[in-house]
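# missing the sequence, but the structure's below:
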């Protein structure tokens, strides 16, 4: 079964990118930029905190 937190963060990043695309379509570039930035941060945190753990 997939881990709950990394999966939720991936869904959140996808939703933020979708929101950014919609905001760009209607001309709200400030909201689009904020959404893209937020999605980038979520992806970064997901990969650094919940990425594959290396075997010890």
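Alright, I've got the coordinates. Keep in mind the model is a prediction, meaning the values are calculated, not measured.
# give me the element the spatially most central residue of the chain is part of.
With distances taken as CA atoms, centre = their mean, residue 13 lies nearest the centre of the chain, 2.1 Å away. Residue 13 is located in helix 4-26, with elements delineated by DSSP states H and E.
# the helix or strand that that helix is followed by vs helix 4-26, what angle?
Reading on from helix 4-26 to the C-terminus, the next helix or strand found by DSSP H and E is helix 29-50. Per axes from the mean of the first three to the mean of the last three CA atoms, to 10 degrees, the angle that helix 29-50 makes with helix 4-26 is 160 degrees.
# which residues touch the nearest residue to residue 45 once chain neighbours are set aside?
The shortest distance from residue 45 to any non-neighbouring residue, by CB to CB, 6 or more residues apart in numbering, is to residue 9 (7.1 Å). C-beta coordinates here come from the backbone N, C-alpha and C atoms, glycine included. Residues near residue 9 by CB atoms under 8 Å, 6 or more residues apart in numbering: 42, 43, 45, 46, 50.
# try it again at 7 Å.
By CB atoms under 7 Å, 6 or more residues apart in numbering, the contact list for residue 9 reads 42, 46, 50.
# flag the shaky bits of this protein, pLDDT-wise.
1-2, 53-56 (pLDDT under 70).
# 90 - rerun?
1-3, 50-56 (pLDDT under 90).
# coming back round to it: buried ones in the helix holding residue 13, by neighbour count?
9, 13, 16, 17, 19, 20, 23 (16 or more other CB atoms under 10 Å).
# tell me how far the ends of stretch 20-40 are from each other?
12 Å (CA to CA, to the nearest Å).
# how about residue 52, secondary structure?
Secondary structure assignment for residue 52 (DSSP: H, G, I helix; E, B strand; the rest coil): coil.
# quick check: residue 6 vs residue 18, distance?
Distance of residue 6 to residue 18, computed by CB to CB, to the nearest Å: 19 Å.
# kindly report the same for residue 29.
In terms of CB to CB, residue 29 sits 16 Å off from residue 18.
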